[in-house]
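S.K.: One predicted model, sequence on top.
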Amino acid sequence: MTRISTATMTQRALDAMLRQQAKVGDTQLQLSTGRRVIAPADDPASASRVLSLNRALETVQQYQDNIGRIKSRLESEEGVLTGATNLLQRVHELAVQGNNATLSGNDTHAIAAEIHQLLDQLYGLANTRDSSGEYIFAGYQSGEKPFTNPAVGSYVYNGDLGQRQLQISPDRQVADGDHGHGLFVNVATAAYVSVTAVGATDLGPVADGAITVDGGNGNGPVSIGAIVTAASAAERAQQLADAVNEVRDRSGVRASVNSSGQLEMTVVEGSGISIALAAGADAQSGLTAGTSATTRTQRNVFETLHQLAGALNEKRPVDRYIADVQLALDSVIDTRTSVGGRRNAIDEQYEVNADLELSLKSHKSVEEDLDFAEAIARFERQMTALQAAQQSYVRIKGLSLFDYL
């Protein structure tokens, strides 16, 4: 016969109640958190899958955060580029307006003054900061002011050619901005050539056909016509300029008299200037027969506007700057198009990522979320069992053989 002591009976009863209390506590924790899997031991397989799903969700959420940062930066850049577009369009209008020989010096001075104001505004836009205080167009050197103006008409780029890329999906990166060198510094200019004549030594009449010019526009050589006797070399230079401009629509060559009183002929966007002279026409014009080809270079857009204003102040033709401003405007518009394309791309990727995030959360919910109806029913059963165990212990503890003596 096995003897059951009072201590053994008490210990067993307490162990049973503690186990039941632990089950009730676990169920209460599940109900309070809404999660079925609290610890890996609750369901090792589900716990492993939940960890994997959590890592995937964190990655997708980082992609979404990156998209938010890119979008903010691109919105700032787009606003700047919109302002730059409007400024350059106004500069182009003013340049065309000022490229008119009938305007007075006061008129061209007023136009040049407005262009200087627009230049200052454009310079300010190029040094814009984003909402984080970083310079938009400095490349990787986002803490350093990208453009400085160490001397009148001189503009220096202090940034680099970096373009920060942010990950927005496992196999896709998008640039969050554009560096200022490509946008404002390395800007193509129009094909251009200039030919300057020396003073004429023979001021006698020039026969029709003795001087022909060809601006490389496909029309071939064009005679500037006959020229009458001049009283001075300065008058001859003006006669030649007027004659060249008379046939400008056919030849593509524009002429003017520079501040030194010399004839200056220019071609913009043609292949070059070809000059043919009959015998003696070189002395009559100060020109040299031959061909000068146009060249293309890159120029800082701020310097282009400064030079344009300077030419207008001197009342010189600004055909080349009209074309240069148009090319700068085209460059800004191309960049705006690129920014718009990137914004569309990240908006689309945001939706794709959001769908993936929802799917991952759904799978995670299946693995770890609690079935409240089942948990409540289980909790009630466990509470009933605990109460029964407590009541049984109280009754058993009160039993004694003395009750039967």
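M.R.: Done, it's in. Residues are numbered from 1 along each chain as shown.
S.K.: For the stretch 301-405 of the chain, which segments count as helices?
M.R.: Using DSSP state H, counting those that start in this stretch, the helices of the stretch 301-405 of the chain run over 301-313, 319-368, 372-397.
S.K.: Would you mind checking the average pLDDT for the shortest one?
M.R.: For helix 301-313, the mean pLDDT works out to 95.
S.K.: In contact with Gln284, which residues are there?
M.R.: Neighbour list for Gln284: 200, 202-204, 206, 210, 227, 236 [criterion: C-beta atoms under 8 Å, 6 or more residues apart in numbering]. In short, each C-beta sits where N, CA and C put it, glycine included.
S.K.: please redo it, this time with the cut-off set to 10 Å
M.R.: By C-beta atoms under 10 Å, 6 or more residues apart in numbering, the residues touching Gln284 are 200-207, 210-211, 227, 229-230, 236, 240, 277-278.
S.K.: Which residue, neighbours along the chain excluded, lies closest to it?
M.R.: Spatial nearest neighbour of Gln284, chain neighbours left out: Asp202 (4.6 Å); criterion: C-beta to C-beta, 6 or more residues apart in numbering.
S.K.: Look at that neighbour and give its secondary structure.
M.R.: What DSSP: H, G, I helix; E, B strand; the rest coil gives for Asp202 is coil.
S.K.: That one and Leu277 touch, don't they?
M.R.: No: with contact defined as C-beta atoms under 10 Å, Asp202 does not count as touching Leu277 (11.9 Å).
S.K.: Which of the three states applies to the residue nearest the centre of the chain?
M.R.: Residue closest to the average C-alpha location in the chain (C-alpha atoms, centre = their mean): Gly177, at 3.7 Å. Taken by three-state DSSP, the conformation at Gly177 corresponds to coil.
S.K.: ok, now how distant is it from Gly286?
M.R.: 52 Å (C-beta to C-beta, to the nearest Å).
S.K.: Kindly report the same for Asp65.
M.R.: 69 Å.
S.K.: what packs against the longest helix seen in the chain?
M.R.: Longest helix of the chain, by residue count under DSSP state H: helix 44-98. In this structure, helix 44-98 packs against helix 105-126, strand 165-169, strand 172-175, helix 301-313, helix 319-368, with contacts taken as 3 or more C-beta pairs under 10 Å, 6 or more residues apart in numbering; DSSP states H and E.
S.K.: Mind checking the pLDDT average for that helix?
M.R.: 92.
S.K.: Okay, angle between that helix and helix 319-368 too, please.
M.R.: Angular relation of helix 44-98 and helix 319-368 on a 0 to 180 degree scale: 170 degrees, by axes from the mean of the first three to the mean of the last three C-alpha atoms, to 10 degrees.
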